[in-house]
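Engineer: Okay, predicted coordinates and the sequence, questions at the end:
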Amino acid sequence: MDDDVAISYGMKEENTTNSQENLPVEQVENQISEPTSGIKGEIGGFIWETIKVVVISLAIILPIRYYLVQPFFVKGASMEPNFEDGDYILIDEISYRFNNGPSRGDVVIFRYPQDPSQFFIKRVIGLPGETVQIKDNKVTIFNKKDPSGFVLDEYYLSSDQYTAGDFIVKLDENDYYVLGDNRNKSSDSRIWGPVNKTLITGKAFLRPWPVSRAERIPSISY
């Protein structure tokens, strides 16, 4: 049985060879080139699929990057100890477009009023229409709900912080009063005034780096 199989296999090879010898040269060459064409087709298909994946990925990532979420590195010490130099944070750029804007206690990224090419990170202290008083290391807020004023309990500050200043500021309807958590080393609204809503880029909501400090940035309640 094994010999029959071997002979049968040999006869098939011989017939195949003879049939190719009787074909015109062009047809024989075409048969030989078919495997190469298949490889080229596979390579072309792979390249096309890669291009589609890249295009689709960009179509998803770019809107998120420029309209929903934007990454920033913290630079400087003005928000210590809650945010340190080199921290990598993500900001929500869309929420403020669909609500009344920042809330008191939000950590926001905004364009520096005196040089819009620079981005600053600070905490929102005073809201539009309110009056902010800084005196004797205390921040007092006056508004329609509390016309007599209430002192902010800033439990997120380190014990060695001192909020310097002795003045009262009335905010316009689109202005926010912002301060750094490291009051001793912060350039903020005490120096260059309130921040207009149009300069605010978004709210810091996540710190993915460093891993040891990775967290969703907590909301503040006064």
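Structural biologist: Nice, I can see it.
Engineer: who's in contact with stretch 131-143?
Structural biologist: By C-beta atoms under 8 Å, 6 or more residues apart in numbering, the surrounding residues in contact with stretch 131-143 are 104, 125-127, 129-130, 148-152, 154, 162-171, 177, 179, 190. The way it works is simple: take the backbone N, C-alpha and C, and place the C-beta from them, glycine included.
Engineer: same question, stretch 163-176
Structural biologist: By C-beta under 8 Å, 6+ apart, stretch 163-176 touches 101-102, 108, 124, 126-139, 177, 179, 183-184, 189-190, 193-198, 200.
Engineer: May I see the PyMOL selection of the buried members of those?
Structural biologist: In PyMOL syntax, the buried subset of the contacts of stretch 163-176 is picked out as below (16 or more other C-beta atoms under 10 Å):
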select buried, resi 101+102+108+124+126+127+128+130+131+132+133+134+139+177+179+183+189+190+194+195+197+200
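Engineer: Surely residue 72 forms part of a strand?
Structural biologist: Yes: assignment of residue 72 by DSSP: H, G, I helix; E, B strand; the rest coil places it within a strand.
Engineer: Let me see the contact set for it.
Structural biologist: 88-91, 109, 119, 121, 204.
Engineer: Let me see the domain layout of the chain.
Structural biologist: 2-65, 74-216 (automatic domain parsing).
Engineer: so which of the ones you listed comes closest to residue 222?
Structural biologist: Shortest separation from residue 222 across the domains of the chain is recorded for domain 74-216, at 5.7 Å, computed as C-beta to C-beta.
Engineer: now the end-to-end length of that closest one.
Structural biologist: 16 Å (C-alpha to C-alpha, to the nearest Å).
Engineer: Mind telling me what element residue 191 is part of?
Structural biologist: helix 189-192 (DSSP states H and E).
Engineer: Remind me what that helix packs against, helices and strands.
Structural biologist: When contacts are defined as 3 or more C-beta pairs under 8 Å, 6 or more residues apart in numbering; DSSP states H and E, helix 189-192 packs onto strand 115-126, strand 175-179.
Engineer: Could you export those strands as TSV, including distance to residue 51 and mean pLDDT?
Structural biologist: Formatted as TSV, the helices and strands packed on helix 189-192 follow (distance: least, C-beta to C-beta, whole Å; pLDDT from 0 to 100):
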stretch	distance to residue 51	mean pLDDT
strand 115-126	34	97
strand 175-179	45	98
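Engineer: Out of those, which gets nearest to residue 83?
Structural biologist: Nearest to residue 83, of these and by C-beta to C-beta, is strand 115-126 at 6.6 Å.
Engineer: Helix or strand next in line after that closest one, which one?
Structural biologist: Next element after strand 115-126 (DSSP H and E): strand 131-135.
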